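**Q** Okay, structure incoming, though there's no sequence with it:
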C-alpha cells in the first residue's frame, strides 16, 4: 500500500503547517529565552551611602531610603504595571502612572492599585571599600 | 438639491475606509522620510533635534503623526460603518475576517509603538506598561514582550517592529480586503490637503523626560484610567483581546444576536470614551483627581501649536539639556548671573520658565511660559519639577507664611465670626462676603507667599509675595542694569545678558517687605521704628529712614545679633521658613528655634551634620561647610538642625558661622544673673533682654462704602473698603504677661506682649444689624530687639506699663500702699486706661489676648511683683539684699531693717 494513500493532500498540508508552526514556536521560545538570559546578566551597583543624609534617593534603577543606620534598597519598578517611581510626595512614594503609593521606609503598599510591596534589593557592604553593593 | 444634501454629499466624497487608506499611505511615506533624522540609539535627542531645528523633518513628523491618528479613527469608523450596514457579510472568506479582526491589534500596536519611539518621559513609562501588560499574558507573554517591546529604554526591537512588521501586516490586511491600494485621486488629494494643513499648524506631541503628569496617548488614556482601578493588570491584557475575539465571533452570529452584540460594542465604546475624558481632563499630577476649577488644575493640551518657518531659518547652535535639544538656549545660551545649581547649561530655561522648548520661533517659544517662575501658582511645575525641589514646593503652601493662619483666625474671631482665635485657616479660604473676610482682603491679606509676583525685578515692598522668589531671588548690579535697560526698551535686538540669581543669598531686605508691618520685627531687628512723619520731614536727617512705601522710620537700638552681623536666616532655618510640612496656627508654633538652643552652658541637643537630612546637607554643601565630623545644635523643640552652628568640646563650646561672610563667632552662655536663684525661673529670655517693641494704642476700623479701596487677594481696586485709623506708635519696653501653655515652668512662662488690638470695630458700617465692638487684646510678641544687658529690676517691678496697668506713675506710700496714676484717660468702653492690659490690682476677666493661652498677670502675681517693687523703692537692684532676695525672698525679708516698709495688701 502506498503510504501517500494514508493521508490526502489537504491533511498533509495541515500537518505541515502544524509542524512548521511548532518549529517556529520552539525557535521563537528559544531565541527569546536565551536572549533574555544573556542580556539580563547580574548587574550590580556600587554606592557609597556613608556620606548621604537621611532621606529618600531616586536612582536610575532603584530607590534608596536612609534613616540613621538603616538603609532600604527597593526596585523603582512599580509592582502594578511597571512604571518607574521617581517622586516622593508627603513622605510617600507615588507612582506617576496610576497613583499607587508606597511607604519609602518599608516598600509596602499604602494605596493601590498596586497589590504587592516594592521588590527589596539585596545589598551588602564591601569591607574593603566600605561601599554598599546593590544587586539589581 | 437642498443645502443639507449637498453638504452631506460633499462630506461623503468617499467611504471612510478609503480615506483611512489614503491616511495610511501618507503615514507610510512620511515614515520612510522620518527614518533619516531618527536615531534609534539616541531617540529623544534626535526627535527633539528634528522638531526644533529641522523644520521639514518636523513637518514630516507632524504629517506622520496626524495621518496615523486619522487612520486609527477612520479605521474604527469604517468598521462600525460596516457593522451598522451589515456589509461585513460581503467578505466571503472567513480567513479574511479573521485576519481583519486580529489586525486591529497591530493597528493599535503600530500606534503605541510610534508613541513609544519618541522616547520622552511618557513614552518610557508607556514602554514599561506595555511590557508589563504583554508579559501578563499566559504562556506566550514573555516571548511576545521580548519580540514586540524589547528591553526598557532600548528602542531597536520596537523600532523594527513598528516600521516593518506592524506596517507590513496592516498593508497586507488592507490590500487583502480592499483588493487595491489605489485610492481615488480626489480622496487622496483632499486627505492630503487636510493632513498637510493640520501638520502645518499643530505639532506631533513630544514632552520632557521628567514631566509631573504622565499620560499615555489619547486612545489609551481610558485604559490608563481602567488600570488605575485594576489591581491586576493581567485582566487588562485579557480585556484588550476580548473586543477582538468578539469582533471575530460577530461574523458568525445570527442576525438577532448581531444586534445585541452591536449594542454591546457601542456601550463599551461610550464607556471607554467617558473613561478617556476622565483620564484626559480630570487626572493630574501622579494621576490624582483634579477638578477644572481647582487652583492647581493642569489642563491637557491635545493640539500643540506649531508653525512651519516659511522665512529663512538661521543656523543656531543646538544645545542639549537633559538628553534633549532645548531651543530656548539657542537665543539665551549666553546669559549669565545664575547660581551654580541653576546654570542653564545644566537645567536649561524650560525647567523653570516652561514655554515651548522645541521651537526657534520666538512667539511660540514664549507661549504660556512662566515669566515669573516660583510663584506658588506655578511652583509645583517649575521649582518643584521632578528631580528639583518637589518636596519643598509641597511644603511651602502649608507653611505659615503661605497660609496666614494666625492673622485670619484672629481677625475672624475679633469680628465674631469664630468663637476662638483658633483653627487652621488659609488665604485660599478667605471669602468675599463676611465683614472679617472683606477686612482681611482690604487690610491684611497682602503679605503671603501665594501673593503673585507679576513683574520682573527684585522683591519689592509694594510687590510682596512671589512664592520662592520672595526669599531666593537676588538681583546683582548687572542683573539690575539689564532689567533697567529692558524697562527702558533699549535692549535692541540683543537678548538680555544677565539673569537674576536664585540662590541662598537671602538678605534681611527679602524679609522686610512683609515683616516691616504688624509686629515690624524686621525693622525692629535693624533698629528702626515706624513714625507718623512724612517723607519730607526726613530730608537731611540720618536718624530717619524712608521706606519705598513712603513710611518714615526713626532710629532705635538695633538687636545685638544684627549689630554682630547676623542675618534673619542665621537663626531661622529652612524648615521654619518654608514649613516642615505641618500646618500651624500661629508663628510661635511654627518657630522652633529659641534663645536657649544657642545661649547655654552646654548644648541641650546636638547631632552630627552628616546625620542630618538631605535638605540640611544640601544647604551645608551650597554654603561650603565641612560636613564630616561637624557637630551641630539641634533645636530643643523639634530637633531641627541649625546648620550654621558648631558644637565642640563635648557640647561646651558653641559657635555660629555667620551666613553673611562666613566668619565663625562664639555664642555666649547666659550671664550668671539669668539663672540666679529661683525667683526668675518663669521669665523668658525675651522678658529681660527685649530692648523695645513698637506699640500702637487705640485704633478704629470702619467700613466706608464710598471710599475706593483695594482687594489684596485679587489685586483689584474696589469701591467700599475697610479703613483703619491708627494712632502713632510708641517704641517702648514691652509689657509682660503669661503664656500658660508653656509647660516648661509651673504656672506658665512670663513673656513679652504688645497691644495687639486695642481698637473699635464699627461692624454696623458694614452690616446695619451689627453693633460696634471694642477689643482690648494684647498679643505675644517677640520684638527682635535683643539687648546684651537685660532690663533693670525697677523697669518691671516698679513700672506700671510692664505689669500691664498702662503708662503712668506708680507710687508706694510710707503706709505700705501702692497707688497708680494713669497717664491715659480711661476708655469709655471698659473703664481701663487707654493703653492698659489689666486694671490696677485687678484680675482681668474674659478674653485678654489674641491667644487663648495668654493672659496678663493675675492679682496674686501682681502682688508678688509689687511686693518686690516696694523693696526696690529703697534698695538698688544690684544690692546684696536684692540679690539675696532672688534666692529666698522670705528668708531675706525676715532680716529686714525695722524701718523697712512692706506692702500691705
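**A** Structure received. Treat the numbers as computed from the prediction; the structure is a model and nothing was measured.

**Q** what's the closest non-adjacent residue to residue B:248?
**A** Excluding its sequence neighbours, the residue lying closest to residue B:248 (C-beta to C-beta, 6 or more residues apart in numbering or on different chains) is residue B:101, at 4.0 Å. From N, CA and C alone the C-beta is placed, and that goes for glycine too.

**Q** give the contact list for that neighbour.
**A** Going by C-beta atoms under 8 Å, 6 or more residues apart in numbering or on different chains, residue B:101 touches B:244, B:245, B:247, B:248, B:251.

**Q** any idea how far it is from chain A?
**A** For residue B:101, the distance to chain A equals 19 Å [C-beta to the nearest C-beta, to the nearest Å].

**Q** quick one: low-confidence parts of the stretch 1-150 of chain B?
**A** Along the stretch 1-150 of chain B, the model assigns pLDDT under 70 to residues B:1-3, B:6-13.

**Q** Could you pull out the helices in it for me?
**A** Assigned by DSSP state H, counting those that start in this stretch, the helices in the stretch 1-150 of chain B fall at B:3-11, B:16-34, B:43-53, B:55-85, B:94-117, B:121-135, B:141-148.

**Q** How about the stretch 801-905 of chain B?
**A** In the stretch 801-905 of chain B, the helices defined using DSSP H, counting those that start in this stretch lie at B:859-872, B:880-887, B:889-894.

**Q** In CSV: these, plus mean pLDDT, mean neighbour count and distance to residue B:203.
**A** Below are the helices of the stretch 801-905 of chain B laid out as CSV (pLDDT from 0 to 100; neighbours: other C-beta atoms under 10 Å in any protein chain shown; distance: least, C-beta to C-beta, whole Å):
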stretch, mean pLDDT, mean neighbour count, distance to residue B:203
helix B:859-872, 94, 19, 74
helix B:880-887, 87, 16, 79
helix B:889-894, 86, 13, 83
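
**Q** Adding distance to residue A:80, write the ones you listed out as a markdown table.
**A** Formatted as a markdown table, these follow (distance: least, C-beta to C-beta, whole Å):
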| stretch | distance to residue A:80 |
| --- | --- |
| helix B:859-872 | 63 |
| helix B:880-887 | 68 |
| helix B:889-894 | 71 |
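
**Q** Among the ones you listed, which comes closest to residue A:37?
**A** Of all these, it is helix B:859-872 that lies closest to residue A:37, at 81.9 Å by C-beta to C-beta.

**Q** buried sites along stretch B:752-769?
**A** Neighbour counts using 16 or more other C-beta atoms under 10 Å in any protein chain shown place B:752-763, B:765-766 of stretch B:752-769 among the buried residues.

**Q** Repeat that for stretch B:587-601.
**A** Buried residues in stretch B:587-601, counted by 16+ other C-beta under 10 Å: B:587-588, B:590-600.

**Q** how far does that stretch sit from the chain's center?
**A** A distance of 26 Å separates the centroid of the chain from that of stretch B:587-601, by C-alpha atoms, centre = their mean, to the nearest Å.

**Q** thinking again about what came up before, nearest to residue B:539 among the contacts of residue B:101?
**A** Looking across the contacts of residue B:101 and measuring by C-beta to C-beta, the closest to residue B:539 is residue B:244, at 86.2 Å.

**Q** so how many other residues sit close to the residue of the stretch 701-850 of chain B found nearest chain A?
**A** Relative to chain A, the nearest point of the stretch 701-850 of chain B is residue B:713 (26.5 Å; C-beta to the nearest C-beta). Residues lying near residue B:713 (other C-beta atoms under 10 Å in any protein chain shown) number 19.

**Q** Over to residue B:257?
**A** Residues near residue B:257, counting by other C-beta under 10 Å: 12.

**Q** To which secondary structure element type does it belong?
**A** Taking DSSP: H, G, I helix; E, B strand; the rest coil as the rule, one finds residue B:257 in the helix state.

**Q** by contact count, what packs against the worst-scoring helix or strand of chain A on mean pLDDT?
**A** Here the helix or strand of chain A ranked lowest by mean pLDDT, DSSP states H and E is strand A:44-47, holding a mean of 83. In terms of contacts (3 or more C-beta pairs under 8 Å, 6 or more residues apart in numbering or on different chains; DSSP states H and E), strand A:44-47 is packed against strand A:132-135.

**Q** contacting residues around the least confident helix or strand of chain A?
**A** Strand A:44-47 is contacted by residues A:59, A:61, A:62, A:64, A:126, A:129, A:131, A:132, A:133, A:134, A:135, A:136 when judged by C-beta under 8 Å, 6+ apart.

**Q** hang on, isn't the fifth one packed against residue A:133?
**A** Read it as residue A:126. Yes: applying C-beta atoms under 8 Å, one finds residue A:126 in contact with residue A:133, separated by 5.6 Å.

**Q** The two: which is more packed in?
**A** Taking other C-beta under 10 Å, residue A:126 and residue A:133 do not tie; residue A:133 has more neighbours (14 against 11).

**Q** That one is in contact with residue A:125, isn't it?
**A** Yes: here residue A:133 reaches residue A:125: they are 7.5 Å apart, a contact under C-beta under 8 Å.

**Q** May I have the phi/psi pair for the spatially most central residue of chain A?
**A** By C-alpha atoms, centre = their mean, chain A has its centre lying nearest to residue A:77, at 6.8 Å. The phi and psi values for residue A:77, taken as degrees, to the nearest 10, are phi -90, psi 120.

**Q** Residue B:321 reaches residue B:352, doesn't it?
**A** No: counting by C-beta under 8 Å, residue B:321 stays clear of residue B:352, with 11.6 Å between them.

**Q** What segments of chain A are strands?
**A** For chain A, applying DSSP state E gives strands covering A:44-47, A:55-58, A:62-67, A:70-75, A:88-89, A:92-94, A:101-102, A:109-111, A:123-125, A:132-135.

**Q** Give the pairing partners of the fifth one; include direction for each.
**A** Paired neighbours of strand A:88-89 in the sheet (DSSP bridges): strand A:92-94 (antiparallel).

**Q** and the partner strand, average pLDDT?
**A** Mean per-residue pLDDT for strand A:92-94: 92.

**Q** picking up where we left off before, take the helices of the stretch 1-150 of chain B and lay them out in JSON lines including distance to residue B:799.
**A** Shown next, in JSON lines, are these (distance: least, C-beta to C-beta, whole Å):
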{"stretch": "helix B:3-11", "distance to residue B:799": "92"}
{"stretch": "helix B:16-34", "distance to residue B:799": "85"}
{"stretch": "helix B:43-53", "distance to residue B:799": "72"}
{"stretch": "helix B:55-85", "distance to residue B:799": "78"}
{"stretch": "helix B:94-117", "distance to residue B:799": "77"}
{"stretch": "helix B:121-135", "distance to residue B:799": "66"}
{"stretch": "helix B:141-148", "distance to residue B:799": "83"}
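
**Q** what's the closest of the ones you listed to residue B:706?
**A** By C-beta to C-beta (comparing all of the helices of the stretch 1-150 of chain B), the closest turns out to be helix B:121-135, at 55.7 Å.

**Q** is chain A contacted by the closest one?
**A** Yes: residues of helix B:121-135 contacting chain A under C-beta under 8 Å from any C-beta of the partner chain: B:124, B:125, B:128, B:129, B:131, B:132, B:133.

**Q** Going by distance to residue B:550, which of those residues wins?
**A** Proximity of the residues of helix B:121-135 next to chain A to residue B:550 (C-beta to C-beta) peaks at residue B:125, which lies at 54.7 Å.

**Q** Let me see the contact set for residue B:572.
**A** Listed by C-beta under 8 Å, 6+ apart, the contact set of residue B:572 reads B:591, B:593.

**Q** where does the chain have low pLDDT?
**A** Went with chain A since none was named. A:1-5, A:41-42.

**Q** not what I meant, chain B
**A** Low-confidence segments of chain B (pLDDT under 70): B:1-3, B:6-13, B:300, B:308-316, B:459-463, B:490-494.

**Q** can I see the domain layout of it?
**A** Domain assignment of chain B by automatic domain parsing yields the ranges B:14-287, B:309-369, B:509-563, B:600-669, B:685-808+B:825-858.
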